[in-house]
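Quick one, what's the 3D model for this:
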Amino acid sequence: MASAAAADSERQGMSGILGWIERSGNKLPDPVFLFFGLIFALILISVIASLAGVSALHPTQVDPDTGAAAVITAASLLNAENIARLWVDMPTTFTHFHPLGYVLVVMLGAGVAERSGLFGTAMRAGVRDAPKFLLTPIVVLVGMLGNLAADAAYVVLIPLAGIIFHAAGRHPIAGIAAAFAGVSGGFSANLLPGQLDALLFGITEASVGTVFAGYTANIVGNWYFIMAMTFVFLPVIWFVTDKMIEPRLGSFVAARASNVDDEDTDRPLTAPEKQGLLYALFAMLFVVVLWVGFTFGPGTPLIDETASAEAQMNPFYKSLVAAFFLLFLLAGWAYGKGAGTIENHRDLVKMMTGAMEDLAYYLVLAFAAAHFVAMFAWSNLGLILAVHGADFLGSTDMPPWLLLTSIILVSGLLNLFVGSASAKWALISPVMVPMLILLGISPEMATAAYRVGDGATNIITPLMVYFPLILIFCQRWDKEFGLGSLAAVMLPFSIGLLLSGLALTIGWVVLDLPLGPGASVCIEVPDASTVIEGSFPSRDC
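I've put the predicted structure just below:
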């Protein structure tokens, strides 16, 4: 508590651009009430737009009487139909919010993997015995892969990196900065899709559904892209740590350290922990083999051989949420049995229950976000804005890479004021995603661009929920290390990640590379004849 109070005191004394960012951000309400405020604003705007007769030509529907494009007009959210929708359909609006089911299912398994100790032990095993000359890249890589572990990466790996750097004769705050950049700056980079993919693509699917029917989110729609992010971000963070940050920090003065009592975090793996990791590996291999059998075995239950070529793999893509649930659940259970952290099935149920308790705030946020997204669709304003926005951007003749560059920059700027990745995406995707679809850019590419901008500025905003915690980790080694010091240390990482992410995105679009299995950069602008269930037909950019 004292450390938190000290952090607050430091924060009040900030000046300059960081002080302005923090003061401005602190004036914003909690994201839950931000969405409620937006709903009230949306109601007012819908009434005005309806009275003004705001309209657009529907991009996919045809008027059966005239044969021309159907005219879509703004609908007041205070008309009888929408008032009835709000109150009668409230349970359905909430429970049918696409991200909700994805996140709840994945977190049931991930909660077991985290509470059994699998995530924490795996991260310790990954970095503790790293060779000195490879210490930075290994810490960064484990940090990016640790995103699968959600909060565990922040509370286990980042303080551990400081201890390991110190043991290797290096500045511990450089280790904390490298781990923080990997975990939070490389928030979307990974070798495997995970919880974040389920969350963001659930919101993407809901946003597409406000305008176009028939689209189903592909949880691996960014798989190739996030793998590339991992290999692009790794050398960037490595270079910034070793060549810029650590020389700037100078030599570490141990006398300035405060209460460093993390010996337990740095201890060697015990025999039960090693046995648990081995059991977890066998469980993971079992799930992989099981899914290969479901996909290519007799009857190919996860391949629809009767569907078109574009839609054949849709059952497999849809099954991956369940696959990650089972992977985390069985691996966590196996680890717990081997390490002794799970004694019986009741322990397993308690861990799954605890994971749901951790999602209490998300459920409240999802209730507000679900109604904002749904009411945006009822008002028709999303479609109208998307059509007119697409017309305007189309008239500028901007190439796709330049459009996506602007989206990355907007996402990065917005991240300085609204810390939650899901809250920001739920806020901007109902307009952004349909607008880009009308310009021939796929929902998967829109999501990928958002992820680049969102991650790059995570590490420099004091509004990021873990920012004060990282400050406390640093103050264990340097009592005089303040909030401004942390922001200054992380700023070169942020700039490097933003520039390299922009370069990656531009190169990806120019080369027209696939973003993931069945996911392309560009699509055919949908009409009634081209929308197929699961995706949109791709085209060359």
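
tell me what the host helix or strand of Gly501 is packed against?
Using DSSP states H and E, Gly501 maps to helix 483-511. The contact analysis (3 or more C-beta pairs under 8 Å, 6 or more residues apart in numbering; DSSP states H and E) places helix 483-511 against helix 2-12, helix 16-26, helix 172-180, helix 223-239, helix 400-415, helix 443-456, helix 467-475. No exception for glycine: its C-beta is placed from N, CA and C like everyone else's.

Let's see that with 7 Å instead.
helix 2-12, helix 172-180, helix 223-239, helix 400-415, helix 443-456, helix 467-475 (3 or more C-beta pairs under 7 Å, 6 or more residues apart in numbering; DSSP states H and E).

quick check: mean pLDDT across stretch 375-388?
Stretch 375-388 shows a mean pLDDT of 79.

so the nearest residue to Glu81 once chain neighbours are set aside, which of the three states?
Once flanking residues are discounted, Glu81 sits nearest to Ala75: 7.8 Å by C-beta to C-beta, 6 or more residues apart in numbering. Following DSSP: H, G, I helix; E, B strand; the rest coil, the label given to Ala75 is coil.

didn't Ala75 look like it was pressed against Leu381?
No. At 8.5 Å, Ala75 does not count as touching Leu381 under the criterion of C-beta atoms under 7 Å.

Which neighbours do the two have in common?
Ser46 (C-beta atoms under 7 Å, 6 or more residues apart in numbering).

Look at the two and report which has more neighbours.
Leu381 (24 against 18; other C-beta atoms under 10 Å).

OK, contacts around that one?
Ile45, Ser46, Ala49, Ala74.

Could you measure from the spatially most central residue of the chain over to Pro131?
The residue lying closest to the centre of the chain (C-alpha atoms, centre = their mean) is Leu196, at 4.1 Å. According to C-beta to C-beta, to the nearest Å, Leu196 and Pro131 sit 30 Å apart.

what do you get for Pro64?
70 Å.

What does Asp63 show for phi and psi?
Phi and psi for Asp63, reported as degrees, to the nearest 10, are phi -70, psi 120.

quick one: the helices in the stretch 101-250 of the chain?
Counting by DSSP state H, counting those that start in this stretch, the stretch 101-250 of the chain has helices at residues 118-127, 135-145, 151-152, 158-167, 172-180, 195-209, 223-239, 246-249.

Low-confidence stretches in the stretch 51-200 of the chain?
Counting by pLDDT under 70, the stretch 51-200 of the chain contains low-confidence ranges at 58-61, 98-99, 102, 127-130, 148-153, 155-156.

what sits against the nearest residue to Ala174 once chain neighbours are set aside?
Excluding its sequence neighbours, the residue lying closest to Ala174 (C-beta to C-beta, 6+ apart) is Glu246, at 4.1 Å. By C-beta under 7 Å, 6+ apart, the contact list for Glu246 reads Arg170, His171, Ala174.

Mind checking which of the contacts of Leu381 land in strands?
Per DSSP state E, strands hold no members of the contacts of Leu381.

In TSV: those residues, plus distance to Leu38 and neighbour count.
Supplementary listing: the contacts of Leu381 in TSV, determined by distance: C-beta to C-beta, whole Å; neighbours: other C-beta atoms under 10 Å:
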residue	distance to Leu38	neighbour count
Ile45	10	17
Ser46	12	24
Ala49	15	19
Ala74	17	22
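
mind putting these in a markdown table, distance to Asn82 included?
Compiled in a markdown table, the contacts of Leu381 are given as follows (distance: C-beta to C-beta, whole Å):
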| residue | distance to Asn82 |
| --- | --- |
| Ile45 | 13 |
| Ser46 | 8 |
| Ala49 | 13 |
| Ala74 | 12 |
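
Cool, thanks, talk later.
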